[in-house]
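*Asks:* predicted model and sequence follow; I will ask about them next.
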Amino acid sequence: MAVINRIAGFEDEMKAWRRHLHAHPELGLDCHATAEFVVARLQEFGIETIETGIARTGVVAVIEGHGEGPVTGLRADMDALPILESTGLEYASTVPGCMHACGHDGHTTMLLGAAKYLAETRNFAGRAVLIFQPAEEGPGGGRLMVEDGVLDRHGVDEVYALHTMPGIAPGSFETASGPLMAAVDTLHVHVEGQGGHAAYPHQTRDPVVAAAGIVQALQSVISRNLDPLRDLVVSITQIHTGSAENIVPETAYVNGTMRSFDPDIRAMALRRIREVVAGQAASYGVSARVEIEQGYPPTLNDPACTEVAAAVARRISGEAAVITDREREMGAEDFSYMLNARPGAFLFLGQGEAAPLHHAGFDFNDAVAPVGASFFARMVERAAPVG
């Protein structure tokens, strides 16, 4: 494995950064202490151009190379998840009910490692734009940073990101050209009936039965409207209603998620969801209001950028450790907003055997941090310095 020697030399320092971040997780846009930690490290590295307060707590650092050349954007997410950690590690979260269960502490560390190396060597032409982003887990810090003009302001030509992945060999890379992760939409259905005594249901308009009918009927959105060889997921995950066994309630609430890749399929499914809910409500004599919370778009890797990123990954981990035909998946990622704005690629970095992502027992594998940092650095060093 051809990890950059200099980066390997400060592996212990990177481990200390990562474990500090793991012990002090923050949620959403409120990554204040994390951003302060990142800025302090960037200043130690001698990086002068540092922007803060983007999307509330986002940080952008610019490292100038030698002479004219491409501007490469590198992104790491910083936020944690509202999960009570169960690892029992000595550096476990000190914030009750909050932990880094998705490896964002490792992503931030890898980009800091690349920043330290690039600031020391500057063995490249053009500029490196390092993007430390809050709120990947919600409400979408990637979108907010794009809307703030980060990519435009710094003239970013291409943008890249890594995400740790348990269950694949440590230090290996997996990606694919084109669709890699799905678009996500959230469904809120508010059912309103007429409550009353459960002993006299004929005097009510029961929202519980209507909600059950809506949940069952929504299963037909996929099975009877979509080619079975196409991709779509509609999952109902919550039903809330009622207060006692002898009361028919006034209202019911149904909640779920929809995942898709194709814009036409997405539009069809959202239309059919509204139609199915309206039809079911009418059949049960209740009213129903549908709210669609449109979320992250699909993560679409640019084919040329994916090829370049895979070549860099092979240089670090070897031919056999780089997979470029990973099956697309129904998870979502707000790096998609940056890929909508610029060509680029998103890759998974092998974590080895570990608890799954978003699990209370997850912990980032510090041994792969130098691999990710080397990948980020080599993506910038593709542009050789003038002379």
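*Replies:* Sure, I can see it. Numbering: from 1, shown residues only.

*Asks:* quick one: the helices in the stretch 1-150 of the chain?
*Replies:* 5-9, 11-23, 32-44, 104-121, 141-147, 150-153 (DSSP state H, counting those that start in this stretch).

*Asks:* for the shortest one, buried residues please.
*Replies:* This points to helix 150-153. Val150, Leu151 (16 or more other Cβ atoms under 10 Å). (C-beta placed from N, C-alpha, C; glycine too.)

*Asks:* centre of the chain to that helix, how far?
*Replies:* 20 Å (Cα atoms, centre = their mean, to the nearest Å).

*Asks:* from the chain's centre, how far out does the helix or strand just after it sit?
*Replies:* Going down the chain from helix 150-153, the next helix or strand is strand 158-166, by DSSP states H and E. When distances are taken as Cα atoms, centre = their mean, strand 158-166 is centred 10 Å away from the chain's centroid.

*Asks:* do you know the pLDDT at the residue nearest to the spatial centre of the chain?
*Replies:* The centroid of the chain falls nearest to Glu333 when counting by Cα atoms, centre = their mean (3.2 Å). Listed pLDDT for Glu333 reads 97.

*Asks:* that one reaches Ala182, doesn't it?
*Replies:* No. Here Glu333 lies out of contact with Ala182, judged by Cβ atoms under 8 Å, at a distance of 9.1 Å.

*Asks:* low pLDDT regions in the chain?
*Replies:* For the chain, the stretches flagged by pLDDT under 70 are 1, 386-387.

*Asks:* let me know the next secondary structure element after the helix or strand hosting Val254.
*Replies:* Taking DSSP H and E as the definition, Val254 sits inside strand 251-260. Proceeding N to C from strand 251-260, the next assigned helix or strand is helix 263-284, under DSSP H and E.

*Asks:* so which elements touch that next one?
*Replies:* With contacts defined as 3 or more Cβ pairs under 8 Å, 6 or more residues apart in numbering; DSSP states H and E, the secondary structure elements packing on helix 263-284 are strand 183-192, helix 207-218, helix 220-223, strand 232-241, strand 251-260, strand 287-294.

*Asks:* next, format the ones you listed as TSV and append distance to Phe132 and mean neighbour count.
*Replies:* Listed next are these as TSV, based on distance: least, Cβ to Cβ, whole Å; neighbours: other Cβ atoms under 10 Å:
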stretch	distance to Phe132	mean neighbour count
strand 183-192	23	21
helix 207-218	39	21
helix 220-223	38	15
strand 232-241	31	15
strand 251-260	27	20
strand 287-294	26	14
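
*Asks:* which residue packs closest to His66, ignoring adjacent ones?
*Replies:* Setting aside the residues directly before and after it, His66 is nearest to Pro385 in space (Cβ to Cβ, 6 or more residues apart in numbering), at 3.9 Å.

*Asks:* contacting residues around the closest residue to Leu81 other than its chain neighbours?
*Replies:* The shortest distance from Leu81 to any residue other than its chain neighbours is 4.7 Å, reached at Ala101 (Cβ to Cβ, 6+ apart). Counting by Cβ atoms under 8 Å, 6 or more residues apart in numbering, Ala101 makes contact with Ala80, Leu81, Ile83, Glu85, Leu357, His358, His359, Ala360, Phe362.

*Asks:* ok, back up a step: OK, contacts around the residue nearest to His66?
*Replies:* Pro385 neighbours (Cβ under 8 Å, 6+ apart): Gly65, His66, Gly67, Gly69, Arg122, Asn123, Phe124, Ala125.

*Asks:* Tyr253 pairs with what?
*Replies:* Beta-bridge pairing for Tyr253 (DSSP bridges): His190, His240.

*Asks:* against Ala198, how distant is it?
*Replies:* To Ala198, Tyr253 is 19 Å away according to Cβ to Cβ, to the nearest Å.

*Asks:* quick one, which of the helices and strands packed on helix 263-284 is nearest to Pro303?
*Replies:* Pro303 lies closest to strand 183-192 among the helices and strands packed on helix 263-284, at 19.5 Å (Cβ to Cβ).

*Asks:* output the contacting helices and strands for the closest one.
*Replies:* helix 207-218, strand 232-241, strand 251-260, helix 263-284, strand 287-294.
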